[in-house]
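> just coords:
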């Protein structure tokens, strides 16, 4: 470009004839198309030069973009000008204000307004006047991600307020046994259920010992456990018979055996009944009548 006089007002590397900012030695430092001396944010690109509070400082670099503060004073150095800082004397770059009272939490003795000072509050950002802390970890239930301290996050815990690491849920209702009022799902509340872990809606309790028959190892209370319970083999599990007397040795105690002196006959596959010893029993009634008629028939001479 022709510039015979080589004029260079700002003494930079560009002559005035080709210098985009002939009066500005640093030209356009932030590259936003505005000469530094006229740029309202010389070090921050802001092509539109927005300035909401019209204080001469562009919004892009104004520490109080909506409040006139041309001086940009920031006493605590937290990036927010004193005129808009909710804690002007205490650095709080997050400007957190839990109770929305205009005073930042960093300089508010009770930001959650629960009448418990921050120094003593186990949930300083969440109102919890009762300071409940179920697991005693020092973090209040209102802000504790694991209220019962069982190492399972509240949202994944089927009993968030009851320690149950195993997450047992016998009735598969989505509510853990540790906090369900009816663990076995038999519609009897656990506090009234005589078999808390075994469904027994009838609540039958033969021996009246408080343990329902469905979970009682000795439902008849004779001191002999029923088969499969505690290794017992009660031959009358529903009738008390502590002596276990079994005269015919058929495995059924006399007190519950309809024929205590005669063992049950094996199934032979026929319709006839066999008496004890395997001999045919009494003849059927029609055959007996026929024999009687033959005996009374007159004989020919």
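Thanks, I have the structure now. Since we're looking at a predicted model, the values are computed, not measured.
> tell me the contacts of the residue nearest in space to the middle of the chain?
Centroid-nearest residue in the chain, with Cα atoms, centre = their mean: residue 157, separated by 1.9 Å. By Cβ atoms under 8 Å, 6 or more residues apart in numbering, residue 157 lies in contact with 146, 148, 150, 164, 167, 176. In this view, the C-beta of every residue, glycine as well, is placed from N, C-alpha and C.
> my guess is the fifth one contacts residue 160, does it?
What it means is residue 167. No. With contact defined as Cβ atoms under 8 Å, residue 167 does not reach residue 160; the gap is 11.2 Å.
> now do residue 293, the pLDDT please.
On pLDDT, residue 293 comes in at 58.
> can you say which of the contacts of residue 157 are buried?
The neighbour count (16 or more other Cβ atoms under 10 Å) marks 146, 148, 150, 164, 176 as buried among these.
> the first one and residue 154, how far apart?
Which is residue 146. Distance, residue 146 to residue 154, by Cβ to Cβ, to the nearest Å: 6 Å.
> now the helices for the stretch 151-300 of the chain?
285-296 (DSSP state H, counting those that start in this stretch).
> the closest residue to residue 75 other than its chain neighbours: how many residues sit nearby?
Sequence neighbours aside, residue 82 is the residue nearest to residue 75 in space, at 5.2 Å (criterion: Cβ to Cβ, 6 or more residues apart in numbering). By other Cβ atoms under 10 Å, 17 other residues sit near residue 82.
> from what I see, residue 82 and residue 73 are in contact.
Yes. Contact criterion Cβ under 8 Å: residue 82 and residue 73 qualify, at 4.8 Å.
> would you convert the contacts of residue 157 into JSON lines that also reports pLDDT and distance to residue 234?
Below are the contacts of residue 157 laid out as JSON lines (pLDDT from 0 to 100; distance: Cβ to Cβ, whole Å):
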{"residue": "146", "pLDDT": "97", "distance to residue 234": "48"}
{"residue": "148", "pLDDT": "96", "distance to residue 234": "42"}
{"residue": "150", "pLDDT": "96", "distance to residue 234": "41"}
{"residue": "164", "pLDDT": "95", "distance to residue 234": "36"}
{"residue": "167", "pLDDT": "96", "distance to residue 234": "37"}
{"residue": "176", "pLDDT": "91", "distance to residue 234": "35"}
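> turn those into a markdown table, including distance to residue 58.
Putting the contacts of residue 157 into a markdown table (distance: Cβ to Cβ, whole Å) gives the following:
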| residue | distance to residue 58 |
| --- | --- |
| 146 | 47 |
| 148 | 52 |
| 150 | 53 |
| 164 | 58 |
| 167 | 57 |
| 176 | 58 |
